[in-house]
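Student: Have a look at this prediction, sequence included:
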Amino acid sequence: MVSCSEYVSSGHPDKTADLIASYLLDEYIKHDPKTRFALEVQLKDHVCNLAGEITSIWKPDNSELDYHVREAVKKVGYTPQYALKWPSLATLDSDYLRVNNYIGQQSPNIAQGVDREGWGDQGCFMGMATTNGRTADYGYMPRDRYFSHEIGKRLYKAALNGEAPIGLDIKVLVSITKGLNAEQVIVAAPMLPENEAEAKNFISNIVNDVLSEHGHTYDELLINGTGAYVIHSSVGDAGVVGRKLAVDFYGLNCPIGGGSPYGKDATKADVTLNIAARYFALKELLSNRERETVYCKIACCIGQSKCLVTYSDKNNEVFKQEVQSIVPSEIIHKFGL
């Protein structure tokens with residue numbers, strides 16, 4: 001059976017939107033650690049829309065929000081200097097970004113439940129851990145997920161540091177079976193026509209390096225399936241928070257639980273219980289080495305700390321179920337959220 005996972009770099013507009021939301025959350029928490037924060041970000045061309053609910057002592061005005069959004073975009077790498085390397089209107093430029101503010105406050109009905117150590121929402125959350133027969137070689141994650149992310153991170157780092165003639169908006173898809181070969185590796189990376197040969201050679205070398213480090217090869221490598229990829233970032237595609245959850249979590253190897261963790265403070269179950277589900281699955285996996293894969297499902301109620309926790313194996317057979325008190329502040333402290 002073939003399993004697939006994808007990596008999408010911070011330069012992709014969806015991930016840029018995620019980073020903007022997370023960057024703003026960090027700024028709010030610096031000013032007020034008790035900030036309640038749930039922010040949506042939409043990015044298209046050079047317009048960024050902020051909408052959500054925030055309750056905080058810190059109340060930045062529009063000019064401050066504009067500044068921090070632009071700083072987040074610069075951190076991704078979309079600076080004026082980067083834009084000069086590409087044709088006009090081919091990529092995002094932080095200096096030309098316009099920010100629209102539609103932020104309100106958290107509902108007091110939600111706040112009263114969170115204030116008494118309950119969760120900020122109801123929902124089901126999933127986590128998994130697997131040995132893949134190779135113990136910790138892949139961080140107890142599926143191999144296809146490990147390879148796609150490792151290849152993608154190296155390519156993005158090279159693009160960000162100017163070490164390769166490729167752009168920042170990168171996607172990598174790896175399909176793999178139980179054998180040592182990846183059936184297919186697909187890479188999309190912006191490149192100028194005059195640099196195409198050098199760019200493709202660089203990408204091929206990175207793919208070979210990552211796979212060979214673990215004794216793997218690939219059967220097929222496809223780079224830029226349309227034949228040309230110059231226009232990129234939010235100029236080529238719209239970006240929305242939380243649209244790459246399968247990418248960031250487990251690929252096709254595990255159902256997605258909850259909503260987007262990006263732009264949420266740690267009282268939100270979308271952040272903390274997704275992390276807890278992964279932690280519980282890994283703990284259970286390591287306590288019984290006979291199991292190759294463990295899935296953990298957590299169901300919670302808004303305003304309550306009592307949760308239903310269920311464990312299943314690779315055949316989706318439940319082997320353990322318990323009602324457990326999972327207190328938000330304890331999980332937040334444990335993982336430094």
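Tutor: All right, it came through fine.
Student: All the helices of the protein, residue numbers only.
Tutor: For the chain, applying DSSP state H gives helices covering 13-31, 62-76, 80-83, 108-115, 143-160, 196-212, 245-248, 269-287, 328-334.
Student: from these, which stretch is densest packed?
Tutor: Between the helices of the chain, the one whose residues have the most neighbours on average, counting mean count of other Cβ atoms under 10 Å, is helix 143-160 (a mean of 23). Backbone N, C-alpha and C define where each C-beta goes, glycine included.
Student: Restricting to C-alpha, output that helix in PDB.
Tutor: Taking Å, rounded to 0.1, in the frame of the first residue of the first chain, the C-alpha atoms of helix 143-160 are listed here in PDB:
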ATOM      1  CA  ARG A 143       8.500   7.600   6.500                       C
ATOM      2  CA  ASP A 144       6.800   9.500   3.700                       C
ATOM      3  CA  ARG A 145       6.100  12.300   6.100                       C
ATOM      4  CA  TYR A 146       9.600  12.400   7.300                       C
ATOM      5  CA  PHE A 147      11.100  12.400   3.800                       C
ATOM      6  CA  SER A 148       8.800  15.100   2.300                       C
ATOM      7  CA  HIS A 149       9.400  17.400   5.300                       C
ATOM      8  CA  GLU A 150      13.200  16.900   5.300                       C
ATOM      9  CA  ILE A 151      13.500  17.500   1.600                       C
ATOM     10  CA  GLY A 152      11.300  20.500   1.700                       C
ATOM     11  CA  LYS A 153      13.000  22.100   4.700                       C
ATOM     12  CA  ARG A 154      16.400  21.800   3.100                       C
ATOM     13  CA  LEU A 155      15.200  23.300  -0.100                       C
ATOM     14  CA  TYR A 156      13.400  26.200   1.700                       C
ATOM     15  CA  LYS A 157      16.500  26.900   3.800                       C
ATOM     16  CA  ALA A 158      18.700  27.000   0.700                       C
ATOM     17  CA  ALA A 159      16.200  29.400  -1.000                       C
ATOM     18  CA  LEU A 160      15.900  31.600   2.100                       C
END
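Student: so where is the chain shaky, pLDDT-wise?
Tutor: By pLDDT under 70, the low-scoring segments of the chain are 1, 106-117, 133-136.
Student: Pick out the residue closest to the middle of it.
Tutor: Central residue check for the chain by Cα atoms, centre = their mean: the C-alpha nearest the mean position is that of Asp248, 3.7 Å away.
Student: Extract the CA atoms of stretch 118-137 and return them as CSV.
Tutor: These are the backbone C-alpha positions of stretch 118-137, laid out as CSV (Å, rounded to 0.1, in the frame of the first residue of the first chain):
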residue,chain,number,x,y,z
GLY,A,118,-12.0,24.0,30.8
TRP,A,119,-11.2,23.8,27.1
GLY,A,120,-12.0,26.7,24.8
ASP,A,121,-13.9,24.5,22.4
GLN,A,122,-15.4,21.0,21.9
GLY,A,123,-14.0,18.6,19.4
CYS,A,124,-12.1,15.4,18.6
PHE,A,125,-8.3,15.4,18.3
MET,A,126,-6.0,12.8,16.8
GLY,A,127,-2.4,11.9,17.2
MET,A,128,-0.2,9.0,16.1
ALA,A,129,3.2,7.6,16.5
THR,A,130,4.9,4.8,14.5
THR,A,131,8.1,2.8,14.5
ASN,A,132,8.0,2.0,10.7
GLY,A,133,10.2,-0.9,11.7
ARG,A,134,13.1,1.5,12.2
THR,A,135,12.5,2.8,15.8
ALA,A,136,13.4,6.5,16.1
ASP,A,137,15.0,7.0,12.7
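Student: returning to that earlier point: let me have the helices of the chain in CSV, extended by distance to Gln42.
Tutor: Putting the helices of the chain into CSV (distance: least, Cβ to Cβ, whole Å) gives the following:
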stretch, distance to Gln42
helix 13-31, 7
helix 62-76, 12
helix 80-83, 21
helix 108-115, 23
helix 143-160, 22
helix 196-212, 30
helix 245-248, 16
helix 269-287, 18
helix 328-334, 28
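Student: Buried residues of stretch 315-327, list them for me.
Tutor: Neighbour-count burial for stretch 315-327, counted by 16 or more other Cβ atoms under 10 Å, picks out Ile326.
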